[in-house]
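Show me the folded form of this:
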Amino acid sequence: MPPDTAASPADLDLFGPGFQADPPAVYQQLRRSGAVHYLPRNGWYLVTRAETAREVLRDPQRFSSRVHKHTQPPPEVAGEVAQIRAQGWPYIPALGTSDAPDHTRLRKLVQRAFTPRSLAWMEPLVRQTAEELAAALPDGAELDFLAAFAEPLPVWAISRVLGLPESRRADIRRWSVAAAASIGGQPEPAAWIDHERTLLHYQQTMAAEIEQVRQEPREGLLSTLVQAADHPGPDGEPIPLAQLLTLLRELVIAGNETSGKLITELVRLLDATPGEWDRIRAEPERARAVVEEGLRWATPSQTAFRRATTDTQLAGVDIPAGSVLVVSFASANRDEEIYAGADRFDPDRDGLQHHLAFGMGRHTCIGNPLARMEAVISVQVLAGQIAALTVLRREPPRYNASFMVRGLLELPVRVRRRPSA
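Numbering: from 1, shown residues only. Now for the predicted structure:
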């Protein structure tokens, strides 16, 4: 490990290149010395062990979700960013950064679209799309698996869930990248401006879509949300457009970033696990265990923010009221007290579904059934059509610079198709 990744909380910067070079190694060192660490450079308390993370997530009274998780633009472009934002709608907390009763009301609106039963109609459509994307991988070709398969699949799925036209799929991908860039990351000044313009385009486009479905309702979650937002019933309040735009933005990110990064990492892990593709081919249901272990191992959604509502104590550490906590799902999912050989990818391990890749409690990721379905179908379809996806080694793998949403930037592979496919 490079010298600047030494896990001294006094020096650790979650945005810094030392941490970003190898987060699992840093988290491993931190877990050895405790479950909670104050990071003076960021002013946060970092939670690194599984049981302590669960304690925080189970107690929304002590630990509020009302924390703005996006970083602030650098001073040299702050004025221009403010001008761009002034042309759109203000940020109003939605699912990810609210507490009851607001969170409960919003979650009820969305929940019906993300239950396994509600998504049953999506499964054959997701499978068909995965089959088409896999069939388009040419035998012998060298290509970026992320761009060719892992990104398009979830973009298509969330567009169908929302009921957006196919012409919006390219926009959905651009919007997702822009929205995720400042979640646990610090884009360069020029990139900040590009992302803000993209997010303004998102707001303007989705505001127009919302007005259209008001006039002409259609199938999909967008129409359902708009109708519920406008007509909440006798005990509810209408949801303002600005908050509806925030809610939809959260769904777009959740519907793309986690799934695409998970599917890409699974292909890399399966390439490094001899015989695993053959096992999935012989027993397609094994894909479910592979996906659960991949979620634990990779944890694309790496952390969650909470704010202490009162002076309290956590794992023997005093936490003053108002303090911000960063709960590391990624570290909790490698906790040696819970998982033997935690750094090993092992779909045969016990307790696969006890991980925190989707959080837990009231704020469990609402889109987790869809993300799981997309990943399982992807692995099954690829095993059926492809004999091997050989990763073209580029060491070390290149990840995006974020301590919250982490995934490979590319995955160059060589495709070898099955003769019968």
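
could you point out the longest helix in this protein?
helix 241-271 (DSSP state H).

What's the mean pLDDT across that helix?
Per-residue pLDDT over helix 241-271 has a mean of 90.

and that helix, how far from the chain's centre?
A distance of 5 Å separates the centroid of the chain from that of helix 241-271, by Cα atoms, centre = their mean, to the nearest Å.

Report the next helix or strand after it in sequence order.
Counting by DSSP states H and E, the next helix or strand C-terminal to helix 241-271 is helix 276-282.

So what touches that next one?
270, 286-287, 290, 347, 379-380, 382-384, 386-388 (Cβ atoms under 8 Å, 6 or more residues apart in numbering). For the C-beta atoms, the positions are set from N, CA and C on the backbone; glycine is no exception.

okay, now Gly260: neighbour count?
If you count neighbours by other Cβ atoms under 10 Å, Gly260 ends up with 27.

Assess the claim that it and Leu146 are in contact.
Yes. Using Cβ atoms under 8 Å, Gly260 makes contact with Leu146 at a distance of 7.0 Å.

For the stretch 101-250 of the chain, just list every one of the strands.
142-144 (DSSP state E, counting those that start in this stretch).

what bits of it have low per-residue confidence?
Within the stretch 101-250 of the chain, no stretch falls below the threshold (pLDDT under 70).

Now do the helices in it.
Secondary structure of the stretch 101-250 of the chain by DSSP state H, counting those that start in this stretch: the helices cover 102-111, 123-135, 145, 152-162, 169-181, 189-215, 221-230, 241-271.

Can you get me the centre-to-centre distance for the third one and its chain?
The one in question is helix 145. Taking mean C-alpha positions (Cα atoms, centre = their mean), helix 145 and its chain are 19 Å apart.

Run through the residues that contact Pro40.
Pro40 neighbours (Cβ under 8 Å, 6+ apart): Pro9, Ala10.

one more time with 10 Å
Contact analysis of Pro40 by Cβ atoms under 10 Å, 6 or more residues apart in numbering lists Pro9, Ala10, Asp11, Leu12, Asp13.

quick revisit: the helices of the stretch 101-250 of the chain into a markdown table, with extra columns for distance to His355?
What follows is the helices of the stretch 101-250 of the chain, written out as a markdown table (distance: least, Cβ to Cβ, whole Å):
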| stretch | distance to His355 |
| --- | --- |
| helix 102-111 | 21 |
| helix 123-135 | 23 |
| helix 145 | 24 |
| helix 152-162 | 20 |
| helix 169-181 | 21 |
| helix 189-215 | 30 |
| helix 221-230 | 27 |
| helix 241-271 | 12 |
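
ChimeraX command to pick out the buried ones of the contacts of helix 276-282?
Buried residues among the contacts of helix 276-282 (16 or more other Cβ atoms under 10 Å), as a ChimeraX selection:
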select :270,286,287,290,347,379,380,382,383,384,386,387
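
Max pairwise distance over the contacts of helix 276-282: which two?
Using Cβ to Cβ, the contacts of helix 276-282 span at most 19.9 Å, a distance reached by Pro347 and Ala387.

follow-up on the earlier one: quick check: neighbours shared by Gly260 and Leu146?
Taking Cβ under 10 Å, 6+ apart as the contact rule, Gly260 and Leu146 both touch Pro152, Gly407, Leu408.

Who wins on neighbours among those residues?
Gly407 (24 neighbours).

which residue sits closest to that one in space, ignoring its chain neighbours?
The shortest distance from Gly407 to any non-neighbouring residue, by Cβ to Cβ, 6 or more residues apart in numbering, is to Lys261 (2.7 Å).

and what of Ile172?
Closest to Ile172 by Cβ to Cβ, 6+ apart is Val155, at 5.2 Å.

tell me the contacts of that neighbour?
Per Cβ under 10 Å, 6+ apart, neighbours of Val155: 129, 168-173, 175-176, 252, 255-256, 259-260.

Now which of those residues would you call buried?
Buried among these by 16+ other Cβ under 10 Å: Thr129, Arg168, Asp171, Ile172, Arg173, Trp175, Ser176, Val252, Gly255, Asn256, Ser259, Gly260.

Same list (these) but as TSV, adding distance to His68.
Listed next are the buried ones among the contacts of Val155 as TSV, based on distance: Cβ to Cβ, whole Å:
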residue	distance to His68
Thr129	35
Arg168	27
Asp171	25
Ile172	24
Arg173	25
Trp175	19
Ser176	19
Val252	18
Gly255	22
Asn256	21
Ser259	25
Gly260	25
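
Looking at the residues you listed, point me to the pair that's furthest apart.
Thr129 and Trp175 (19.7 Å).

Give the burial count for the residue nearest to Ala242 when sequence neighbours are not counted, as a bare number.
Leaving aside its sequence neighbours, Ala242 sits nearest to Trp89 (Cβ to Cβ, 6+ apart; 4.0 Å). By other Cβ under 10 Å, the residues close to Trp89 number 18.

wait, what's in contact with the residue positioned nearest the centre of the chain?
Compute the mean C-alpha point of the chain, and by Cα atoms, centre = their mean the closest residue is Thr258, 3.4 Å away. By Cβ under 10 Å, 6+ apart, the contact set of Thr258 is 154, 180, 295, 298-301, 357-358, 365, 367-368, 370-371, 374-375, 405, 407.

from what I can see the residue nearest to Ala242 touches Leu248, true?
No. The pair Trp89 / Leu248 is not scored as a contact, 11.5 Å apart, by Cβ atoms under 10 Å.

Name all residues that make contact with Tyr339.
Tyr339 touches 50, 293, 296-297, 332-333, 346, 349-352, 354-355, counting by Cβ under 10 Å, 6+ apart.

List the residues that contact Pro397.
Taking Cβ under 10 Å, 6+ apart, we find Pro397 in contact with Thr264, Glu265, Arg268, Val391, Gly407, Leu408, Leu409, Glu410, Leu411.

rerun that using 7 Å as the cut-off
Leu408 (Cβ atoms under 7 Å, 6 or more residues apart in numbering).

Could I get the contacting residues of the residue nearest to Gly407?
Lys261 neighbours (Cβ under 7 Å, 6+ apart): Pro300, Gly407, Leu408.

wait, the first one sits on Thr264?
To tie it back to what came earlier, the one meant is Pro300. No. Assessed by Cβ atoms under 7 Å, Pro300 is found out of contact with Thr264, at 9.2 Å.
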